[in-house]
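A.B. asks: sequence and predicted structure, then a few things I'm wondering about:
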Amino acid sequence: MSNELSAQDLLPPEIGLTLLGFEKSEQGWLVRAEGRTRSECPSCRTQSTARHSRYWRQLQDLPVQGKRVALQLRLSRWRCRNRECEQAIFRERLGEVVAPWARRTSRVEEVLLLVGHRTGGRAAEFLLKRLAMAVSDDTILRRIKRRARAAMHGEQRLRVVGVDDWAWKKGQTYGTILVDLERRTVADLLPQRSADQLAEWLKQHPEVEVITRDRFGLYAGGARRGAPQARQVADRFHLLLNLREAVEKELARQRRRLALPPVEQEDQSVTKTVPVPASCSRANPEVQTHKRQLVAERWRAKKELFARVRALHLSGRSASSIVRATGVGRRRVDKWIRCTQLPTRNEMEPKPTSPRFFAAHLQRRWAEGCHEGPRLLTEIRALGYRGCYSSLAKFLARWRDHEPELKPKSRPPASVSLRQQAGVHPTVSGQISPLVAAALLSKPRPLLTGWQAAKVEALKKACPDFARMRSLVMSFRGILQSGKAATLARWMKKAVASGIYGMKRFVRKLNHDLAAVKNALRESWSNGPVEGHINRLKTLKRQMYGRAGFELLRARLLPMSRGSSLHRK
């Protein structure tokens, strides 16, 4: 075998071309070749040696050493000698190397499609130009959409399909995505979230045996109408999510029981010193005053706007006319006209990284006369604080402004208990939101941190239903993991017997979709891959700046052809 590269190697070996010559220019390489001395009629498959005429055909091929390569082929038109054939004259075909009427070889088309499918039109244009295969973005997108349309006629058989919705515009318009769960690829994309469209699509795929979905009733009805032979499987993640939402609503009804008293501290103590950076000794009072003035001015303007909206509403104006008159968004107007006072801004539940989490302890120590930031930092660090000193300084700055002549006092080092120093028993007090309480209720004990476990124990004492619902939720998690349908029936009876309205309502909804829930215990399929492809769909939408139409979005989401030599899973 020769190790030398010749110009003949630049020609595709499958079609039997004869090299005539080649030349190099500033644009790249130009390779001339001649076709065969006989050809086969594409209609009747009869070999012909009767040449009708010759013509030149130029094709773009893969580059060499960063230079563009063009194939200039001298091909023939042939006469078909089969008198029964309808085609008297035909052009010489080049097999799978070049499609009829194509201006590029198939291997260039594969690279074009692969790069365009992965990166999009404009990015693929820049990349291919750098690789000496200059193609416009419009051509790339046109080829991607043409490939997707051709793929619709050569679909593989689908046995297990996952269904979910995706948002064109969140909260307003939605579409439907269908995923082949056996191959973990997108099977199709539908422009609307409609039971009729889903049913029609399933009727075109009678081979479907299993359909996984969330608890959305629209898809359940569409699946029953379009594929009555298929088994519907409820997604286990969404079952737990629905249970958590039911628990959160029930805790919202018992919000008054989520107010926890402060935890008393122990007397046994040890001393622990926390170093404080010199640059963080105290927040600048002028900066803090300026920030407070900005916040107060924004709040005053907001109150004036609220008063104007309320006045227009009381005068009989409609919400739409108020929006046009004030420029306030429709959702905010709808919210404000239902309120008699301007609602305060919701604050996130404090975490151990925030000084607000230890507000009760800091207020008590401040009232006792301890106004020194480093000492307070030492104490809350022992209680589990994981933030920095500057955050604590900002938190204390508003208290310091009321005592401008405060001087540091010589006090003994702060003392905290051994349990607090270990971070096992943080301050658990104040109002806990239903959202946080539901999250703690649904979390298994091995996954709870020290302060989370302390909150769970405090909530069990303050709210008796919290303990019962936590027991039911943990049992339901175990049933989903073990997959025992008989245990599910006993759990449902136990949940109803608990007398908790939220649990009884959840069981009532389970009964409406009981067959799919039982299949979730027996089948191993889930909607996890579907959720992953929805995230990929969101990425593609953002990558195309939200300007891609449905056809292009579908074309980029569908997988590349498995038969392509450049395809990789």
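C.D. replies: That came in fine, so what should we check first?

A.B. asks: do you have the strands of the stretch 401-550 of the chain handy? List them.
C.D. replies: 430-431 (DSSP state E, counting those that start in this stretch).

A.B. asks: show me what contacts residue 522?
C.D. replies: For residue 522, the contact set (C-beta atoms under 8 Å, 6 or more residues apart in numbering) comprises 483, 485. Glycine gets a C-beta too; all of them are placed from N, C-alpha and C.

A.B. asks: one more time with 7 Å
C.D. replies: With contact taken as C-beta atoms under 7 Å, 6 or more residues apart in numbering, residue 522 is in contact with residue 483.

A.B. asks: and it, what pLDDT?
C.D. replies: pLDDT for residue 522: 90.

A.B. asks: same check, this time on residue 20
C.D. replies: pLDDT, residue 20: 85.

A.B. asks: what's the closest non-adjacent residue to it?
C.D. replies: Nearest in space to residue 20, with sequence neighbours left out and distances taken as C-beta to C-beta, 6 or more residues apart in numbering, is residue 32 at 4.2 Å.

A.B. asks: same deal with residue 196?
C.D. replies: Counting by C-beta to C-beta, 6+ apart, the nearest residue to residue 196 once its immediate chain neighbours are dropped is residue 222, at 7.1 Å.

A.B. asks: neighbours around the one you found, how many?
C.D. replies: Using other C-beta atoms under 10 Å as the criterion, residue 222 is surrounded by 25 other residues.

A.B. asks: for the residue nearest to residue 553 when sequence neighbours are not counted, what are its contacts?
C.D. replies: What sits nearest to residue 553 in space, not counting adjacent residues and going by C-beta to C-beta, 6+ apart, is residue 540, at 6.5 Å. Taking C-beta under 7 Å, 6+ apart as the criterion, residue 540 is in contact with 553, 556, 557.

A.B. asks: from those residues, which land in helices?
C.D. replies: Counting by DSSP state H, the part of the contacts of residue 540 found in helices is 553, 556, 557.

A.B. asks: tell me the contacts of the closest residue to residue 456 other than its chain neighbours?
C.D. replies: With C-beta to C-beta, 6+ apart as the criterion, residue 456 has its nearest non-adjacent residue at 5.3 Å, and that residue is residue 440. Residue 440 makes contacts with 452, 455, 456, 459, as judged by C-beta under 7 Å, 6+ apart.

A.B. asks: which residues touch the host helix or strand of residue 211?
C.D. replies: Assigning secondary structure by DSSP states H and E places residue 211 in strand 210-213. Taking contacts as C-beta under 7 Å, 6+ apart, the residues outside strand 210-213 that touch it are 159-164, 181, 219-220, 223, 227, 230-235, 523, 525-527.

A.B. asks: try 6 Å this time
C.D. replies: Strand 210-213 has contacts (C-beta atoms under 6 Å, 6 or more residues apart in numbering) with 160-163, 219, 223, 230-233, 235, 525, 527.

A.B. asks: tally of neighbours for residue 528?
C.D. replies: Using other C-beta under 10 Å: residue 528 sits among 15 other residues.

A.B. asks: okay, it and residue 80: tell me how far apart.
C.D. replies: With distances defined as C-beta to C-beta, to the nearest Å, the gap from residue 528 to residue 80 amounts to 57 Å.

A.B. asks: so which residue of this protein lies furthest out from the middle?
C.D. replies: Residue distances from the centre of the chain (C-alpha atoms, centre = their mean) peak at residue 83, which lies 62.4 Å from the mean C-alpha position.

A.B. asks: let's verify that residue: helix, strand, or coil?
C.D. replies: coil (DSSP: H, G, I helix; E, B strand; the rest coil).

A.B. asks: what about the strands in the protein?
C.D. replies: Counting by DSSP state E, the segments of the chain that form strands are 18-24, 28-34, 39-40, 47-48, 51-64, 67-79, 89-91, 160-169, 173-180, 185-190, 210-213, 231-234, 259-260, 430-431.

A.B. asks: so of these, which one's packed in deepest?
C.D. replies: strand 210-213 (a mean of 25; mean count of other C-beta atoms under 10 Å).

A.B. asks: what's opposite the residue lying closest to residue 53 once chain neighbours are set aside in the beta bridge?
C.D. replies: If the residues on either side of it in the chain are set aside, residue 53 comes closest to residue 77, at 4.9 Å by C-beta to C-beta, 6+ apart. Legend: beta-bridge partners of residue 77 under DSSP bridges are residue 53, residue 91.

A.B. asks: number the chain from 4, please
C.D. replies: All right, first residue 4 from here; so that's residue 80.

A.B. asks: tell me the contacts of residue 80?
C.D. replies: With C-beta under 6 Å, 6+ apart as the criterion, the residues that contact residue 80 are 55, 56, 92, 94.

A.B. asks: state the distance from it to residue 517.
C.D. replies: Noted for residue 80: a distance of 70 Å to residue 517, by C-beta to C-beta.

A.B. asks: again, but for residue 441
C.D. replies: With the distance defined as C-beta to C-beta, residue 441 ends up 24 Å from residue 517.

A.B. asks: who has more neighbours out of these two?
C.D. replies: Shown here are residue 441 and residue 517; by other C-beta under 10 Å, residue 441 has more neighbours (23 against 15).

A.B. asks: I'd say that one and residue 252 touch.
C.D. replies: No - contact criterion C-beta atoms under 6 Å: residue 441 and residue 252 do not qualify, at 8.7 Å.

A.B. asks: coming back round to it: next one: the residue nearest to residue 459, what pLDDT does it get?
C.D. replies: On pLDDT, residue 443 comes in at 91.

A.B. asks: all helices for the stretch 104-253 of the chain, in order.
C.D. replies: Secondary structure of the stretch 104-253 of the chain (DSSP state H, counting those that start in this stretch): helices located at 109-122, 124-133, 140-154, 198-206, 220-229, 239-256.

A.B. asks: for the nearest residue to residue 74 once chain neighbours are set aside, give its distance to residue 197.
C.D. replies: Counting by C-beta to C-beta, 6+ apart, residue 74 lies nearest to residue 62, which is 4.5 Å off, once chain neighbours are set aside. With the distance defined as C-beta to C-beta, residue 62 ends up 45 Å from residue 197.

A.B. asks: right, I'll call it a day here.
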